[in-house]
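In: Structure for this input, please:
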Amino acid sequence: MIPLQCSQHEQEEQKYICVHPICLKKVNNKLCCIQQIESTQIYEYFRSGKKAFTNSYILKKQLEEEILKNQDLQNKFENRLMEVLNSIVSWQNNQKKIFKNIADDSNRILIEYQMMATNLEKNPSLDSLIYFYQQNIEENQAEYSNIREQMRRYLDYQMKEIEQKRDILITQKTLFQRDILKFNYLDNKIQFNCFDDQEFEICQKHSNKIKMLCTHLNCLSNQPLQLLCKNCVAVEHQEHYTQKYVKNISSILKEQAEKTELIEKLKKKYSLDIQEQTEKNLQKISEKLASLYQNFENQKDSKNLNSKLYFEQHRLEPSQNYK
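Out: A predicted model of the protein is given here:
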């Protein structure tokens, strides 16, 4: 904004503004020169327009830093998500490798049987003829099917458990609430009060500024509220004046601002207390779930050991059945 020359005082620039709550308006606030300030008798409330530009510059820098912090937080979150994904992929590859080894071991036995049958056709011997003569094909097939069915059920049980964990994760649509990183909108409106359309007028009776307000409940119930000069208040509100209900509008606005600030501080403290308590409760729940999960894994490992012993007992080893 380029300062304009004052129309009344040509040598002065209009670069000041009154920030008193009474003088501020919703719109169409105007700058004035230094001489106009002195003529208003409330020059103590005037501030140079440079402060507005300084605050605007500082706020801009603050917002830029906040945007960078948000981006940094987003990057860290995405990196952690990628780490989780990579660990899942690594776990998946490890599980595939483990089961491949199991299948290879099983196939090794079946291939050995297959080679024995092939050798019988090419180079039969008395022992091999007796061995294959004694084989009960139907019983062998039933046992193969039984072992494979046991493994299929075991794998199905394991996969269902994995799928349940997956469903718990992917169905958490409210994992992140939209307002978790929501800043309050900056109020770009000028702060004013119920007296914004008035200015400090001069009392015609006493030549004093009209800036006093009676805060007694009966007087506040009268609308619209009316400001009086100190002398008028002493006469019209004598009882309330002696009881100290009459106050300068500036002090009232100051008290309101202080109380509003106190309320905001208490709200923030209350919010932080709730957040801290919530984090403690979530930590306890997490520890309890971890304990339950570990107990469950221990029981599952015990069942897996019993299953493994069962498979070992029913495993067909050609080196033991054929000599």
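In: make it CA atoms for all contacts and neighbour counts henceforth
Out: Noted.
In: and K247, helix, strand or coil?
Out: Under the three-state scheme (DSSP: H, G, I helix; E, B strand; the rest coil), K247 adopts strand.
In: swap in the one 3 residues further on?
Out: Classification of S250 using three-state DSSP returns helix.
In: mind giving me the domain split of this protein?
Out: What automatic domain parsing lists as the domains of the chain is 4-48, 52-184.
In: Turn those into CSV, including mean neighbour count and mean pLDDT.
Out: What follows is the domains of the chain, written out as CSV (neighbours: other CA atoms under 10 Å; pLDDT from 0 to 100):
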stretch, mean neighbour count, mean pLDDT
domain 4-48, 16, 69
domain 52-184, 12, 85
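In: Can you show me the helices along this structure?
Out: 34-40, 50-122, 126-134, 137-170, 217-220, 230-236, 238-242, 249-313, 318-321 (DSSP state H).
In: can the ones you listed go into CSV with extra columns for distance to I210?
Out: Below are the helices of the chain laid out as CSV (distance: least, CA to CA, whole Å):
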stretch, distance to I210
helix 34-40, 14
helix 50-122, 29
helix 126-134, 120
helix 137-170, 66
helix 217-220, 16
helix 230-236, 7
helix 238-242, 15
helix 249-313, 9
helix 318-321, 112
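In: follow-up on the earlier one: and the domains of the chain: which comes nearest Q226?
Out: The closest of these to Q226 is domain 4-48. By CA to CA, the value is 12.9 Å.
In: separation between K254 and N218?
Out: As defined by CA to CA, to the nearest Å, K254 lies at a distance of 22 Å from N218.
In: For those two, indicate the residue with more neighbours.
Out: K254 (12 against 8; other CA atoms under 10 Å).
In: pLDDT score assigned to that one?
Out: Looking at K254, its pLDDT is 79.
In: Could you check how far D105 is from N119?
Out: Distance of D105 to N119, computed by CA to CA: 21 Å.
In: repeat for M212
Out: M212 is 117 Å from N119, by CA to CA.
In: list the contacts for H9?
Out: C33, Q35 (CA atoms under 8 Å, 6 or more residues apart in numbering).
In: Got phi/psi on S221?
Out: The phi and psi values for S221, taken as degrees, to the nearest 10, are phi -70, psi -20.
In: count of neighbours near it?
Out: 10.
In: can you offset everything so residue one is 38?
Out: Got it, first residue is 38 now, which makes that one S258.
In: Next one: S308 from E301, what distance?
Out: Distance from S308 to E301, by CA to CA: 10 Å.
In: burial measure for the nearest residue to L257 once chain neighbours are set aside, as a count.
Out: Leaving aside its chain neighbours, L257 sits nearest to C251 (7.3 Å; criterion: CA to CA, 6 or more residues apart in numbering). C251 has 22 neighbours, counted by other CA under 10 Å.
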